[in-house]
Every structure is written in structure tokens, then in C-alpha cells.
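Visitor: Model the structure of this input:
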Amino acid sequence: MTILNTTCPVCGAPHAKKLSVIHSDGLSNVNTSVNSVGTLNTIGRQKITTNGTVSGIQQTDASRRAAPPFVPPLVSSSVNNAASLLFGGSVVIVLIGVMANISGAKTGTVFLMVISMFVALFFIARSSTAPPTQKDIELYEAENKDKLEAYRKWENTFSCGSCGNRFIPEDSHG
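Guide: Below you'll find the model as predicted:
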């Protein structure tokens with residue numbers, strides 16, 4: 001059985017936590033409602049009422065310092081093909097609309113034709129999105145080798161709660 005020794009090698013404190021835990025523990029959702037009432041300094045002394053909501057994620061300073069390195073998402077090349085299909089289809093639709101107007105077709109007919117083609121192209125583009133291929137994965141890993149290595153190192157790094165030292169614990173056999 002392998003046991004990780006998470007005692008800090010600098011100060012000997014047993015308070016080390018994984019950076020991923022420090023990061024996630026310091027994130028919280030915030031939802032706030034804002035209501036205010038005031039008067040505008042005019043002749044009629046108009047009453048002004050504002051309402052609003054604010055939502056977001058609050059992050060502690062420790063969480064921010066323990067955040068993972070940025071790694072861009074893996075995107076399938078078929079997503080790009082879908083986007084180019086949608087763009088190419090849009091160009092074709094515009095050309096058809098121009099030619100129909102030149103030939104004297106009614107605007108409503110052209111509009112319905114354009115809308116129906118957009119809907120069809122949208123569903124074609126969505127259905128053509130496929131998972132990344134092995135070639136996509138290999139290219140992604142080659143282009144992001146340093147970033148992926150930094151992320152893997154981050155996943156295994158601990159931070160001492162006493163002195164702040166960051167370290168990767170050694171395996172102990174117990």
C-alpha cells in the first residue's frame with residue numbers, strides 16, 4: 001500500500017493540502033438582490049425605484065493563488081467543419097436571396113426560403129459535431145505539451161498551511 005507523506009519538507013508541519021482542494025474550497029456562488037428607492041430632485045420630486053440581481057462566483061485570495069495553470073480546451077476538427085459549413089451555407093443563402101430579388105420573386109417567399117435554409121444548416125452543423133479524433137488528440141497534446149505538463153504537476157502539488165511551501169510529496173510504503 002502506498003501512502004503519501006504530506007508533511008512539509010521545509011518546516012515539518014502536517015498541514016499540507018492539495019492545491020486543487022485549496023482552489024475549490026475558496027470558490028463560492030454569490031446571488032444578491034439589489035433594491036433601492038430614491039427621489040429625483042425635480043419639480044415633481046419623482047420617485048425612482050431600481051431593482052436588480054447580481055450573481056457570480058466569489059473567490060478567496062488563497063484560491064486565486066492556488067488556481068490551476070491555463071490549458072486550452074480540446075476542440076474537435078469537426079466543430080470547425082460545422083462552423084465553415086454554416087458560414088458557407090449563409091453565403092449561399094444570401095446569393096440565392098439576391099438572385100431571387102433580381103428575378104422579381106416576392107420578398108416574403110425569399111424570406112421564408114432564407115429562414116428555412118438557416119434552420120436546416122443549423123441542424124446539419126450541430127449534428128456533424130463529433131468527438132475528437134485520435135489525430136486531433138495527438139495534435140492537441142503536441143501543441144500544448146508544456147501546459148499539460150504544468151497542469152499534471154499542479155494536480156500533484158501540495159501547499160503547507162504553516163509556511164506556504166509548495167511541494168510534491170514522496171511515496172511511502174506502509
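Visitor: okay, CA-based contacts and neighbour counts for the rest of this
Guide: OK.
Visitor: residue ranges with poor pLDDT in the protein?
Guide: Within the chain, the segments meeting pLDDT under 70 span 1, 39-42, 44-45, 78-129, 172-174.
Visitor: Can you list the residue ranges for helices in it?
Guide: 19-25, 61-65, 77-102, 107-127, 134-143, 145-155 (DSSP state H).
Visitor: And the last one, what's buried?
Guide: For helix 145-155, the buried set under the neighbour-count rule, 16 or more other C-alpha atoms under 10 Å, comprises 148, 151, 154.
Visitor: Is residue 160 in contact with residue 17, as I believe?
Guide: Yes: shown here, residue 160 and residue 17 form a contact pair, counting by C-alpha atoms under 8 Å, at 6.6 Å.
Visitor: roughly how far apart are residue 154 and residue 49?
Guide: From residue 154 over to residue 49 the distance is 49 Å, taken as C-alpha to C-alpha, to the nearest Å.
Visitor: ok, now residue 7?
Guide: As judged by C-alpha to C-alpha, residue 7 and residue 49 stand 57 Å apart.
Visitor: and those two? which has more neighbours close in?
Guide: When residue 7 is set against residue 49 and neighbours are counted by other C-alpha atoms under 10 Å, the residue ahead is residue 7, at 19 against 10.
Visitor: can you pull the contacts of the more buried one?
Guide: Applying C-alpha atoms under 8 Å, 6 or more residues apart in numbering, one finds that residue 7 lies in contact with 13-16, 169.
Visitor: cutoff 6 Å now
Guide: Shown here is residue 7, whose contacts under the criterion C-alpha atoms under 6 Å, 6 or more residues apart in numbering are 13-14.
Visitor: Tell me how far it lies from residue 69.
Guide: Relative to residue 69, residue 7 is positioned 24 Å away (C-alpha to C-alpha).
Visitor: ok, of the buried residues of helix 145-155, which one's closest to residue 61?
Guide: Nearest to residue 61 among these is residue 154, at 17.5 Å by C-alpha to C-alpha.
Visitor: nearest residue to that closest one other than its sequence neighbours?
Guide: Closest residue to residue 154 in three dimensions, ignoring its sequence neighbours and counting by C-alpha to C-alpha, 6 or more residues apart in numbering: residue 68, at 6.4 Å.
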